[in-house]
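Student: this one's structure only:
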Ligand code: MRU
């Protein structure tokens, strides 16, 4: 039986004029609290400050966020104005995860020249339907990724992961963690090594919390311990999530992922990525075009609010890095596994062949 026990990271409360409810992930693991958001600025702030985070969850929050904005609408023209402005604002919140612009684009696809054809209240109902569908589909894709990847985890394995690609980061269940939940449901015994994931500790705060709740054995390590743990023979595979995957398989994920992939190669350990089709950006030939979010210096010069470096020190704080396709053994998607990772295989699997 599944031990999966993570509450929904994103929920919609009420009808088309309802509001967004999120688990405030910045408070975990000490407090599990939800916040209610009823305007676009609050949704923008929640995404920027990582109250909601993880590529698919950001996409879902962005989709519902568009609807939140239209609560104020007084006419169809006004509705259309708000929608355009909200899309621009929300798209600017975080640049790397393509799921955000993908979800917003999908919400807007109904409009174009046809807005005036219906009263705006009907458009709001349609937006709610579409955002709910994006959420339901994401949940289904996560389950399917779990199914396609679970057999890779064998009894006795040590599995290393970086950041949080679990239920908190998606509609439910996760991407990389879905593979683990599914293997656990099959009765496989394995241990997860969770990188703490400096600077914001998504591995320590979120992955360690999620997996412990599910009863999956998990050992927390500092990021700089991964090489030693691999050398000691404790890791048999690596699975991580993704924020954007280019047409050739180059994959952006949380800063530090590229380093883990290099270490895995040096120790001859297979390195897998798990991601839904909504994380692929086939408009980019390779990873060089992926925008990398730069975050504020205090995330590095402080630790949980306590300054730990000289106040005026120069800091570099890219939130993501790109792992080149040749370092990736396979990509687990809801449509099946892409292995080896080549442009042709990506196109074939995403097309459903
Ligand atoms: O900055 P974050 O916490 O949003 O970064 C999240 C990650 O890098 C995840 O690994 C990725 O979004 C995949 S989540 C299924």
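Tutor: In hand now; what should we look at? Nothing here was measured: the structure is a model prediction, and the numbers come from that model.
Student: residue contacts, the residue of the chain found nearest the ligand?
Tutor: Among the residues of the chain, residue 241 lies closest to the ligand, at 2.7 Å counting by Cβ to the nearest ligand atom. C-betas here are computed from N, CA, C, even on glycine. For residue 241, the residues meeting the contact criterion (Cβ atoms under 8 Å, 6 or more residues apart in numbering) are 54-55, 163-165, 169, 174-176, 253, 273-275.
Student: mind redoing it with 6 Å?
Tutor: With Cβ atoms under 6 Å, 6 or more residues apart in numbering as the criterion, the residues that contact residue 241 are 165, 175, 176.
Student: doesn't residue 140 make contact with residue 276?
Tutor: No - counting by Cβ atoms under 6 Å, no contact exists between residue 276 and residue 140, whose distance comes to 9.5 Å.
Student: For these two, indicate the residue with more neighbours.
Tutor: Just comparing residue 276 and residue 140: by other Cβ atoms under 10 Å the higher neighbour count belongs to residue 276, 28 against 15.
Student: Show the contacting residues for that one.
Tutor: Residue 276 sits next to 141, 334 when contact means Cβ under 6 Å, 6+ apart.
Student: Could you pull out the helices in the stretch 1-150 of the chain for me?
Tutor: Ranges of helices in the stretch 1-150 of the chain, per DSSP state H, counting those that start in this stretch, are 40-48, 55-69, 76-91, 98-108, 120-149.
Student: quick check, nearest of the contacts of residue 241 to residue 228?
Tutor: Minimum separation from residue 228 among the contacts of residue 241 (Cβ to Cβ) is found for residue 176, which lies at 21.9 Å.
Student: As a check, name the ranges of all strands in the stretch 251-353 of the chain.
Tutor: When secondary structure is read from DSSP state E, counting those that start in this stretch, the stretch 251-353 of the chain shows strands at 251-254, 271-274, 280-281, 302-303, 306-307, 320-323, 330-333, 336-338.
Student: is it true that residue 3 touches residue 213?
Tutor: No - assessed by Cβ under 6 Å, residue 3 is found out of contact with residue 213, at 7.5 Å.
Student: which residues do the two both contact?
Tutor: Counting by Cβ under 6 Å, 6+ apart, residue 3 and residue 213 have no contacts in common.
Student: For the helix or strand hosting residue 182, buried residues please.
Tutor: Applying DSSP states H and E as the criterion places residue 182 in helix 176-185. Within helix 176-185, the residues scored as buried using 16 or more other Cβ atoms under 10 Å are 176, 177, 178, 179, 180, 181, 182, 183, 184.
Student: name the helices or strands packed onto that helix?
Tutor: Contacting helix 176-185 under the criterion 3 or more Cβ pairs under 6 Å, 6 or more residues apart in numbering; DSSP states H and E are the following elements: helix 120-149, strand 237-240.
Student: Could you single out the most deeply buried of these?
Tutor: By mean neighbour count, with neighbours taken as mean count of other Cβ atoms under 10 Å, strand 237-240 ranks first of these at a mean of 25.
Student: one step back: would you format the helices of the stretch 1-150 of the chain as CSV with mean pLDDT and distance to the ligand included?
Tutor: Compiled in CSV, the helices of the stretch 1-150 of the chain are given as follows (pLDDT from 0 to 100; distance: least, Cβ to the nearest ligand atom, whole Å):
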stretch, mean pLDDT, distance to the ligand
helix 40-48, 98, 9
helix 55-69, 97, 4
helix 76-91, 94, 15
helix 98-108, 96, 8
helix 120-149, 96, 8
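Student: Kindly reformat those as a markdown table containing distance to residue 15.
Tutor: As requested, these are exported to a markdown table (distance: least, Cβ to Cβ, whole Å):
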| stretch | distance to residue 15 |
| --- | --- |
| helix 40-48 | 18 |
| helix 55-69 | 10 |
| helix 76-91 | 16 |
| helix 98-108 | 17 |
| helix 120-149 | 7 |
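Student: out of these, nearest to residue 28?
Tutor: Going through these one by one, with Cβ to Cβ as the measure, helix 55-69 comes closest at 13.3 Å.
Student: residues in the stretch 151-300 of the chain within reach of the ligand, list them.
Tutor: Applying the criterion Cβ under 6 Å from any ligand atom, the portion of the stretch 151-300 of the chain that neighbours the ligand consists of 163, 165, 169, 170, 174, 175, 202, 241, 242, 243, 253, 254.
Student: Nearest residue to residue 294 in space, please, no chain neighbours.
Tutor: Of all residues beyond its chain neighbours, the one nearest residue 294 is residue 318 (5.9 Å), with distances taken as Cβ to Cβ, 6 or more residues apart in numbering.
Student: Would you confirm that the one you found contacts residue 292?
Tutor: Yes - with contacts defined as Cβ under 6 Å, residue 318 counts as touching residue 292 at a distance of 5.1 Å.
Student: More neighbours: which of those two?
Tutor: Counted by other Cβ under 10 Å, residue 318 and residue 292 do not tie: residue 292 has more neighbours, with 16 against 11.
Student: For the more buried one, give me its contacts.
Tutor: Shown here is residue 292, whose contacts under the criterion Cβ under 6 Å, 6+ apart are 318, 320.
Student: Need phi/psi at it.
Tutor: When read as degrees, to the nearest 10, the backbone of residue 292 gives phi -110, psi 120.
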